[in-house]
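Asks: structure here, sequence nowhere to be found:
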């Protein structure tokens, strides 16, 4: 790959990353500069910078690190949650990661050890979504807790903190985040009705849904 082709690929990936980050703010999944987004670009990981409003980001603000966390592009500091992102890339086949402070998902993280099987789309995340025990943001402890919660899953909740999902693309990672927030809102709504408990899907029903979801989407 020539330097020109590599720079073009990085430029396109940065544009997609910024668009996704702005979407998390526009759709209410983050407030201010909270949350962060990353995407693989060859052997680099592009990440949102720390403490910069997404609507102010330009191509000149591109931030990239290697898988060891060494910054190789940009003058701005990478997100303080870089350890979360790097652990996902080191231990999964992820191509993109989205971390938010979505309100309903964060509320659920304070109430239960996992989001139960309230909707069949939970199968798209691998099953009931676990809650990673609380640890201070930006720490290796939080990254380790998250990694355990992600076992056999593509998303998890971070206790008293927010959400993390990953995927083969920024679009997929974002869609999983949005779906997780929606299911958390659904569970909170159903669980709040006095005298009633939500009906949950069985393991076999989730497996059936998961198999069907594998073939979902436009035909090739």
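Replies: That came through, no problem. Here the structure is a predicted model, which means the values were calculated and not measured.

Asks: in this protein, which spans are strands?
Replies: Using DSSP state E, the strands of the chain run over residues 36-41, 44-47, 64-65, 71-73, 96-100, 114-115, 129-132, 155-158, 162-167.

Asks: what's next to the lengthiest helix in the chain, contact-wise?
Replies: Ranked by residue count, the top helix of the chain under DSSP state H comes out as helix 3-26. The contact list for helix 3-26 (C-beta atoms under 8 Å, 6 or more residues apart in numbering) reads 1, 30-31, 35-42, 44, 46-48, 54-55, 57, 59, 62, 64, 73, 96, 98, 100, 170-171, 173-174, 177. C-beta here means a position set from N, CA and C on the backbone, and glycine is covered the same way.

Asks: so who does the nearest residue to residue 209 once chain neighbours are set aside touch?
Replies: Nearest non-adjacent residue to residue 209, counting by C-beta to C-beta, 6 or more residues apart in numbering: residue 120, 3.8 Å away. Going by C-beta under 8 Å, 6+ apart, residue 120 touches 201, 205, 206, 209, 213.

Asks: buried only: go through those residues for me.
Replies: 201, 206, 209 (16 or more other C-beta atoms under 10 Å).

Asks: right, and the first one touches residue 121 too?
Replies: No. In this structure, residue 201 is not within contact of residue 121 by C-beta atoms under 8 Å, at 10.4 Å.

Asks: what's near enough to touch residue 121?
Replies: The contact partners of residue 121, taken as C-beta under 8 Å, 6+ apart, are 179, 183, 209, 213.

Asks: pull the most distant pair out of those residues.
Replies: Spanning the widest gap among the contacts of residue 121 are 183 and 213, at 14.0 Å by C-beta to C-beta.

Asks: partners of the closest residue to residue 73 other than its chain neighbours in the sheet?
Replies: Distances taken as C-beta to C-beta, 6+ apart put residue 64 closest to residue 73, at 3.8 Å, once the chain neighbours are dropped. Under the criterion DSSP bridges, residue 64 forms beta bridges with residue 46, residue 73.

Asks: residues touching residue 64, list them.
Replies: 10, 41, 44, 45, 46, 47, 71, 72, 73, 74.

Asks: go with 7 Å
Replies: By C-beta atoms under 7 Å, 6 or more residues apart in numbering, the contact set of residue 64 is 44, 45, 46, 72, 73, 74.
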